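Visitor: with the sequence up front, the predicted model follows.
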Amino acid sequence: MASRTRIPMVFVVLALGMAFSAGAQSAIDPVIAHPIWLVNPTQGTLPQEGFPIADYHMSALLRCRVAQGALVHCTPAEPMSEAFSSAAVAATASARVVPTDNDGLPTAGRTVMVRVGFPLIVLTNAPAVTPSSEPLLTGLVWIERPSPADFAANLPPRARADHIEGRATLDCIVDGEGRVACTVLSEEPRGYGFGEAALRLSSKFRMAPQTSAGAATAGGKVRISLPWRAQ
């Protein structure tokens, strides 16, 4: 009679548990689709004054790993200059995600895509003279602003066809709702329609009732420079 080997039940349960655990791990999406933030990434700080227009981004998309809730090994997920990449990574230093995602799966060791926003270029010391002697607002807090898609949609057709980049500068007055009424101060290069495009985008702006220093913004003046990258 053939002998039978009895396997203790504890090892059977352990083996099944290990197999289930391995299967669960393999089923976890490596990218966290909807991270839950304990601390959100901060807004990026522009790397330097006077940087080339081609280096300016409204935002920067990074690919990061999660380690004990922190974001590590962040790298650009789209083309950008080294200066903007470094500035975007710096904005993630204090960011933290919760230990589990919306599905209850662990976040440690997984990838998270982070989009870091940068402030609009607001010129508070431009060489051109404003129509009034009133000072320009500083410390602006934007509630709404144009997205990268808005900039792309409003790139003047001729500039798109010729792969031309440019910018327009607007002089604006802030109304009681934080919206801005603007006129074109300058555009470059001329003849491509960047000034008109900037005026269309001005409807996308909305400012907070107060600056970061607590000053009221209604009735104040602001000068905004809007850049377009060649496409």
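Guide: Looks like it arrived, so ask away.
Visitor: contacts and neighbour counts: CA atoms only from here.
Guide: Noted.
Visitor: how near is the most centrally placed residue in the chain to L61?
Guide: Central residue of the chain (C-alpha atoms, centre = their mean): G117, 2.6 Å from the mean position. In this view, G117 and L61 are 9 Å apart by C-alpha to C-alpha, to the nearest Å.
Visitor: please name the nearest non-neighbouring residue to D150.
Guide: Sequence neighbours aside, L201 is the residue nearest to D150 in space, at 7.4 Å (criterion: C-alpha to C-alpha, 6 or more residues apart in numbering).
Visitor: give me phi/psi at that neighbour?
Guide: Main-chain dihedrals, L201, degrees, to the nearest 10: phi -70, psi -20.
Visitor: is it true that it touches E144?
Guide: No: the pair L201 / E144 is not scored as a contact, 11.4 Å apart, by C-alpha atoms under 8 Å.
Visitor: and those two? which has more neighbours close in?
Guide: When neighbours are counted by other C-alpha atoms under 10 Å, L201 and E144 differ, and L201 comes out ahead with 18 against 14.
Visitor: what is the neighbour count of T211?
Guide: When neighbours are defined as other C-alpha under 10 Å, T211 has 16 of them.
Visitor: could you measure from it over to A218?
Guide: Taking C-alpha to C-alpha, one finds T211 at 10 Å from A218.
Visitor: ok, now V174?
Guide: V174 is 5 Å from A218, by C-alpha to C-alpha.
Visitor: correct me if wrong, but S225 is in a strand.
Guide: Yes: judged by DSSP: H, G, I helix; E, B strand; the rest coil, S225 forms part of a strand.
Visitor: this completes my enquiry, with thanks.
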